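**Q** let's see this in three dimensions:
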Amino acid sequence: MHTVTNILANQPDATLNEVFETLAQGRDVVIERIVSRGQRSAEGFWYEQEREEFVMVVTGRATLRRELEGRVESIDLGPGDCLTIPAMQRHRVEWTDPQQPTVWLAIHYPASR
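**A** Reported below is the predicted structural model:
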């Protein structure tokens, strides 16, 4: 039997800390809900993940920074905006809306080499 859930239901309080929850996982894939409220990556910290990551902002707003071909760019994201972050691409969260929860859908999967 399959249970219907809603990614916006039962949101954890992310006022003090960003919350990562695994929604589903398989052999090579992890699907997460991330709830942010004003959090950002630590100063000077960059993610460089071995897996590719598809991210979508479901609600709220955020700004990502990424290094792309030797330059750094900022990307503003709102509801429904999504992008794929290739494996080993340096990226960080610069800003999330402190006035409302930002709910992310993140899917991590093997790099397509």
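**Q** every contact and neighbour count from this point should use C-alpha atoms.
**A** Fine.
**Q** my guess is Phe45 meets Arg92, correct?
**A** Yes: Phe45 lies in contact with Arg92 (C-alpha atoms under 8 Å); the separation is 7.1 Å.
**Q** neighbour count winner among those two?
**A** Arg92 (21 against 12; other C-alpha atoms under 10 Å).
**Q** in the sheet, who's paired with the more buried one?
**A** Counting by DSSP bridges, Arg92 is bridged to Arg65.
**Q** ok, now which ones touch the nearest residue to Thr22 once chain neighbours are set aside?
**A** Spatial nearest neighbour of Thr22, excluding adjacent residues (C-alpha to C-alpha, 6 or more residues apart in numbering): Glu32 at 4.4 Å. By C-alpha atoms under 8 Å, 6 or more residues apart in numbering, the contact set of Glu32 is Phe20, Glu21, Thr22, Leu23, Ala24, Trp104, Leu105, Ala106, Ile107.
**Q** among the residues you listed, which two are most distant?
**A** For the contacts of Glu32, the farthest-apart pair by C-alpha to C-alpha is Ala24 and Trp104; their separation is 14.3 Å.
**Q** that older thread, if you rank the contacts of Glu32 by neighbours, which is first?
**A** Busiest of the contacts of Glu32 [other C-alpha under 10 Å] is Trp104, holding 26 neighbours.
**Q** check that one and give its pLDDT.
**A** Note for Trp104: predicted pLDDT of 98.
**Q** hang on, it packs against Met56?
**A** Yes: Trp104 is within contact range of Met56, at 5.5 Å (criterion: C-alpha under 8 Å).
**Q** what ranges of the protein fall below the confidence cut-off?
**A** 1, 113 (pLDDT under 70).
**Q** 80 instead, please
**A** Along the chain, the parts satisfying pLDDT under 80 run over 1-2, 113.
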